[in-house]
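Chemist: sequence plus predicted model, see below.
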Amino acid sequence: MSSFVHSDSCSPIRIIADDFGLHQDINRGILECAHVGTITGCSVALTGIASTPEWISKLARIQKENKYFSVGVHLMLPENLELFTDFKKCSGFAMVISLTKSIIHMLVLMTQSSKIARAWEEQILKLIDAGIVPQHIDSHQHTHLFPFLWSKAYSLSKKYKIPIIRTGYQSVVQPLLLLSPVLFIFQILAFIRYCFLPTRRKTLGMFCSTRFRVDEIIPLLMRCMKANRPCEIVVHPGIETQSLKDAFPQWNSQWDRECEELVVLKKMIAAINDNQKIHREVLHSYVNASKATQNFISLRARLCPFWFIEPFLPTTGVILDFGAGHGYASVYMELREKNRTLLALDSSAQKRKIAKGAFSDAHAKGLAISCLEDTDLEMLNNLSGAMMLDVAYRIPFYQQEEIMTALCHTLQSGGIFVLKETVKAFSIRYMLAYLEECLVVSFQDRKLCMSFNFRTRDEWVRVLEKSGFTHVRVYAVPGETINNKSFVFVGQRE
């Protein structure tokens with residue numbers, strides 16, 4: 001078992017995988033995540049076709065080996081009682097009809113609350129009989145939050161001394177931004193439950209359920225971490241097979257993608273914790289630079305969250321920093337992971353001189369910087385990764401794909417390329433971002449011709465794919481107040 005789960009046990013962050021027991025390929029995915037340490041627990045659906053003694057015994061062994069691994073009960077309604085929730089995917093008149101059906105279903109459930117409570121207790125006892133001590137309670141489709149079932153679930157948690165019960169509360173504001181009255185009503189209900197409990201724990205991932213994305217939860221996760229508030233991140237990993245797709249076609253899930261996102265999340269949490277320490281170390285390496293340079297680098301670090309970019313890069317091998325500037329990103333990436341070797345390229349002799357001084361002061365032996373124009377990319381090969389951060393927009397359109405194709409060829413098979421760019425969009429914020437770039441460039445060199453070559457998000461994806469990169473993933477950069485039209489594009493060479 002990875003040390004991540006053990007070390008994170010005293011942290012207020014819980015990463016819980018739902019639906020263990022619903023399908024063997026979901027079980028396999030959850031067990032794999034447990035062994036690599038990307039989750040801190042899971043919930044068992046004890047009426048599922050794959051909640052057999054053989055599968056549950058595997059969870060019991062994990063909990064026995066690691067007392068910090070939390071196993072809970074994913075409460076399921078009896079077979080003849082189902083909650084209709086397809087209204088989440090509808091709009092207009094269809095949503096009204098579906099919402100009406102859902103209300104009727106809830107009224108039916110209200111009359112069966114005692115029967116449901118007995119079924120839930122049987123599920124809890126089944127888990128206890130399998131040798132597992134339940135640490136939390138949640139439910140399929142969050143039915144335990146309903147007014148007529150909440151008291152039943154809460155009473156069971158007290159009776160069997162189960163310390164945590166999920167509230168499902170993330171935010172009442174986000175559903176309004178998503179123009180979803182149904183999610184808004186649900187979050188109001190969840191907020192009431194959240195306020196009811198003595199230990200208040202937000203539930204992250206509610207708005208990207210079964211399609212988990214790190215960038216959608218990071219802003220709220222950071223606020224929780226900063227305030228040291230407990231939170232729970234809900235995920236649905238699995239091994240994506242045709243059998244699994246056929247079993248739950250209505251979910252439209254991305255099980256394999258969730259497993260990949262969990263690896264990123266694990267790295268991201270560590271990066272957030274280390275960010276201030278690494279940032280101070282990097283700034284200290286520029287102690288001999290001018291005050292103007294130090295101020296510029298500090299501003300650059302505030303505008304570009306390097307902690308968010310770093311987890312996407314390989315932890316070993318040679319990584320190319322194309323357009324390294326003063327070298328902040330290169331120093332940051334190497335100090336964050338000592339097994340990396342950074343090769344920085346930049347066209348400015350003045351910036352290269354400052355970067356060399358910083359590399360020396362940082363005692364980063366693996367760092368090197370070269371002149372961009374004097375470097376033949378075709379001579380580089382077998383790199384583990386490359387990055388281009390806020391540089392591509394300064395390259396003419398006709399050269400962008402050419403350079404990225406050359407960068408792709410420098411990578412080894414499976415090598416990672418990370419591109420961070422402000423995307424072109426018709427908005428006031430994009431215009432502010434454009435003005436920001438004009439001011440920065442004019443501050444750097446008043447004689448420099450300001451010609452920017454921004455692209456839309458989809459255009460950048462197409463350029464990366466044409467350049468030879470596959471599995472291109474796109475993440476919104478969190479925490480930006482002015483320039484919040486930036487994205488991180490992560491591609492891989494086959």
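Modeler: Cool, the structure landed.

Chemist: phi and psi next, for residue 369.
Modeler: phi -130, psi 140 (degrees, to the nearest 10).

Chemist: how close does the nearest residue to it once chain neighbours are set aside sit to residue 333?
Modeler: Leaving aside its sequence neighbours, residue 369 sits nearest to residue 344 (Cβ to Cβ, 6 or more residues apart in numbering; 4.1 Å). Where you see a C-beta, it was placed from the backbone N, CA and C, and this is true even at glycine. Remark: distance between residue 344 and residue 333 (Cβ to Cβ, to the nearest Å) = 10 Å.

Chemist: shared neighbours, the two?
Modeler: Between them, residue 344 and residue 333 share these contacting residues under Cβ atoms under 8 Å, 6 or more residues apart in numbering: residue 321.

Chemist: packing partners of the helix or strand harbouring residue 404?
Modeler: Element membership of residue 404 [criterion: DSSP states H and E] is helix 397-410. For helix 397-410, the helices and strands in contact under the criterion 3 or more Cβ pairs under 8 Å, 6 or more residues apart in numbering; DSSP states H and E are strand 317-322, strand 383-389, strand 411-422, helix 457-466.

Chemist: got those as a markdown table, with distance to residue 30 columns?
Modeler: Formatted as a markdown table, those follow (distance: least, Cβ to Cβ, whole Å):
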| stretch | distance to residue 30 |
| --- | --- |
| strand 317-322 | 30 |
| strand 383-389 | 29 |
| strand 411-422 | 25 |
| helix 457-466 | 31 |
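
Chemist: of the ones you listed, which is nearest residue 26?
Modeler: For those, the distance to residue 26 is smallest for strand 411-422, at 26.7 Å, taking Cβ to Cβ.

Chemist: ok now that closest one, how far from the chain's centre?
Modeler: With Cα atoms, centre = their mean, to the nearest Å as the basis, strand 411-422 stands 18 Å off its chain's centre.

Chemist: report the buried residues of it.
Modeler: Neighbour counts using 16 or more other Cβ atoms under 10 Å place 411, 415, 416, 417, 418, 419, 420, 421, 422 of strand 411-422 among the buried residues.

Chemist: stretch 257-265 too?
Modeler: Per 16+ other Cβ under 10 Å, stretch 257-265 contains these buried residues: 257, 258, 259, 260, 261, 262, 264, 265.

Chemist: secondary structure element for the first one?
Modeler: Right, residue 257. Assigned by DSSP H and E, residue 257 falls in helix 255-284.

Chemist: buried stuff in the next helix or strand after that helix?
Modeler: The C-terminal neighbour of helix 255-284 among helices and strands, as given by DSSP H and E, is helix 291-303. By 16+ other Cβ under 10 Å, the buried positions in helix 291-303 come out as 293, 294, 296, 297, 300, 301, 303.

Chemist: CSV for the residues you listed, including distance to residue 456 and pLDDT?
Modeler: Converted to CSV, these look like this (distance: Cβ to Cβ, whole Å; pLDDT from 0 to 100):
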residue, distance to residue 456, pLDDT
293, 33, 88
294, 35, 89
296, 29, 86
297, 30, 88
300, 24, 83
301, 27, 86
303, 21, 78
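
Chemist: show me which of these is closest to residue 314.
Modeler: residue 301 (22.2 Å).

Chemist: pretty sure that closest one contacts residue 328?
Modeler: Yes - assessed by Cβ atoms under 8 Å, residue 301 is found in contact with residue 328 at 6.3 Å.

Chemist: turn the buried residues of strand 411-422 into a markdown table, including pLDDT and distance to residue 455.
Modeler: Output for the buried residues of strand 411-422, formatted as a markdown table (pLDDT from 0 to 100; distance: Cβ to Cβ, whole Å):
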| residue | pLDDT | distance to residue 455 |
| --- | --- | --- |
| 411 | 95 | 22 |
| 415 | 95 | 23 |
| 416 | 96 | 21 |
| 417 | 97 | 16 |
| 418 | 97 | 16 |
| 419 | 97 | 11 |
| 420 | 94 | 13 |
| 421 | 90 | 7 |
| 422 | 84 | 10 |
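
Chemist: make JSON lines out of those residues and add distance to residue 113.
Modeler: Listed next are the buried residues of strand 411-422 as JSON lines, based on distance: Cβ to Cβ, whole Å:
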{"residue": "411", "distance to residue 113": "58"}
{"residue": "415", "distance to residue 113": "56"}
{"residue": "416", "distance to residue 113": "52"}
{"residue": "417", "distance to residue 113": "55"}
{"residue": "418", "distance to residue 113": "52"}
{"residue": "419", "distance to residue 113": "53"}
{"residue": "420", "distance to residue 113": "52"}
{"residue": "421", "distance to residue 113": "53"}
{"residue": "422", "distance to residue 113": "53"}
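
Chemist: before we move on, the earlier item: looking at residue 344 and residue 333, which is more packed in?
Modeler: Set residue 344 next to residue 333 and count neighbours by other Cβ atoms under 10 Å: residue 344 wins out with 28 against 24.
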